[in-house]
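[1] only geometry, no sequence info:
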């Protein structure tokens, strides 16, 4: 299929981009690729993260205090504004006020967890309904999308919506005991049991941030992407058993996996209800044909077995990154104890 390829540019044919955030787990790879592609990148953040993006222009300010941004934003305008850290409808109202007359494209980073849960069909496309009764985070993202779609239809605010799924680089992408923690790796290395939700056979897709970046950067400044929504994921489909075993292999150890039903875990630890019942407990397969239509060069090339080795090397390069939370260990031990105490579960 021939791709759609049309973009708008600032002065000297260079796309001028503002990222609100831009130095996080996903956005750092996107920022670096923007620079590599020759974009004029501005980063608006509080300057609290120790991440360097050479050649990016830094604007220090707090987006949660828009009144304090008058001098920072001055008379600046951009071809594209991306908000990486908008989570509520109030955040969107603020952004519409701030950037209504400052950008030709506003990109909202939503979440694939907003898609219907449980899904009526396992293959997810951008037209899959948005509904998640289990997770407030996802419902807030849906509310943000609804508000932006109204602004597009009623006043022509030039929106593009992107829905990442589980995307990683400097986080460990497992359901319990990972992310910014090193707890899951420590347990595996010490031979301690780790919890795998369900029977471990449900299907999932994990995407490296560098792969995500290739699709994302391709829609920045893309005229036909205005008014559209996209998800951007890998095409590698793994079971959760395979995911945990791959993490253990990368850590050079074995995974003592204990399978526990997701609803039992959620009853024991209500904070996990959203991320499990509203996301990872169900099998999903993402159809990426739409992003490929708009960005023909998009292709995910980093398999999880390779990417997770890079992630663990990043954690192990600095002992300060290897955060082991006793609260997480205690939670996992409590869930394991309650489950194994039930007759027939040993």
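    Received, thanks. All figures in this text were calculated on a predicted structure; none of them were measured in a lab.
[2] for the stretch 101-250 of the chain, what spans make up the helices?
    Applying DSSP state H, counting those that start in this stretch to the stretch 101-250 of the chain gives helices spanning 136-155, 183-189, 209-218, 240-251.
[3] Nearest spatial neighbour of residue 237, chain-adjacent residues omitted?
    Using C-beta to C-beta, 6 or more residues apart in numbering and skipping residues adjacent in sequence, the residue nearest residue 237 is residue 203, 5.3 Å away. No exception for glycine: its C-beta is placed from N, CA and C like everyone else's.
[4] could you point out where the chain is predicted with low confidence?
    Low-confidence segments of the chain (pLDDT under 70): 1-12, 48, 346.
[5] Domain parsing of it, as residue ranges.
    For the chain, automatic domain parsing gives the domain ranges 11-168+207-231, 183-204+236-283+304-339.
[6] Mind checking those domains for the one nearest to residue 293?
    Closest approach to residue 293 among the domains of the chain is made by domain 11-168+207-231 (9.5 Å; C-beta to C-beta).
[7] For residue 290, find the nearest of the domains of the chain.
    Between these, domain 11-168+207-231 lies closest to residue 290; by C-beta to C-beta that is 5.5 Å.
[8] Next, count neighbours for residue 83.
    Residue 83: 23 surrounding residues under other C-beta atoms under 10 Å.
[9] gap between it and residue 70?
    Plainly put, residue 83 is 18 Å away from residue 70 if you go by C-beta to C-beta, to the nearest Å.
[10] what's the answer for residue 250, then?
    Residue 250 sits 48 Å away from residue 70, going by C-beta to C-beta.
[11] hang on, the earlier thing: ok, now how distant is the residue nearest to residue 237 from residue 177?
    From residue 203 across to residue 177, the span is 21 Å (C-beta to C-beta).
[12] Looking at those two, which is more packed in?
    Neighbours per residue (other C-beta under 10 Å) separate residue 203 from residue 177, with residue 177 holding more: 22 against 14.
[13] for the closest residue to that one other than its chain neighbours, what are its contacts?
    Of all residues not flanking residue 177 in the chain, residue 184 sits nearest, at 3.7 Å (C-beta to C-beta, 6+ apart). Neighbour list for residue 184: 172, 174, 176, 177, 178, 194, 247 [criterion: C-beta atoms under 8 Å, 6 or more residues apart in numbering].
[14] between the domains of the chain, which gets nearest to residue 291?
    domain 11-168+207-231 (4.8 Å).
[15] Please report the distance of residue 235 from residue 29.
    Separation of residue 235 from residue 29 (C-beta to C-beta): 18 Å.
[16] okay, those two: which has more neighbours?
    Between residue 235 and residue 29, residue 29 has the larger neighbour count (other C-beta under 10 Å), namely 22 against 13.
[17] and that one, what are its phi and psi?
    Torsion angles at residue 29 (phi, psi; degrees, to the nearest 10) stand at phi -60, psi -40.
[18] Let me see the contact set for the residue nearest to it when sequence neighbours are not counted.
    Leaving aside its sequence neighbours, residue 29 sits nearest to residue 209 (C-beta to C-beta, 6+ apart; 3.9 Å). The contact partners of residue 209, by C-beta under 8 Å, 6+ apart, come to 25, 26, 28, 29, 30, 167, 168, 169.
[19] closest to residue 60 among those residues?
    Nearest to residue 60 among those, with distances taken as C-beta to C-beta, is residue 28, at 17.4 Å.
[20] any idea which helix or strand comes after the helix or strand that closest one falls within?
    Taking DSSP states H and E as the criterion, residue 28 maps to helix 27-36. Remark: after helix 27-36, the chain's next helix or strand is strand 40-45, criterion DSSP H and E.
[21] what's in contact with that following strand?
    For strand 40-45, the external contacting residues (C-beta under 8 Å, 6+ apart) are 10, 14-23, 31, 34-35, 53, 55-61, 63, 69, 72, 76, 78.
[22] Give me the subset of those that lies in strands.
    The strands, defined by DSSP state E, take in 16, 17, 18, 19, 20, 57, 58, 59, 60 from these.
[23] would you turn those into CSV with neighbour count and distance to residue 289?
    Below are the ones in strands among the contacts of strand 40-45 laid out as CSV (neighbours: other C-beta atoms under 10 Å; distance: C-beta to C-beta, whole Å):
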residue, neighbour count, distance to residue 289
16, 22, 30
17, 27, 26
18, 25, 30
19, 28, 27
20, 23, 29
57, 13, 35
58, 14, 37
59, 18, 37
60, 11, 40
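[24] These: which two are farthest apart?
    Taking C-beta to C-beta, the two most distant members of the ones in strands among the contacts of strand 40-45 are 16 and 60; they sit 18.6 Å apart.
[25] Show me what stretch 298-317 is in contact with.
    Stretch 298-317 is contacted by residues 168-173, 182, 185, 206-208, 210-211, 214-215, 218, 232-236, 238, 243, 246-247, 249-251, 288, 291-292, 321-322 when judged by C-beta under 8 Å, 6+ apart.
[26] In ChimeraX, select just the buried ones from those.
    Per 16 or more other C-beta atoms under 10 Å, the buried members of the contacts of stretch 298-317 correspond to this ChimeraX selection:
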select :168,169,170,171,172,173,182,185,206,207,208,210,211,214,215,218,232,233,234,236,238,243,246,247,250,251,288,291,292
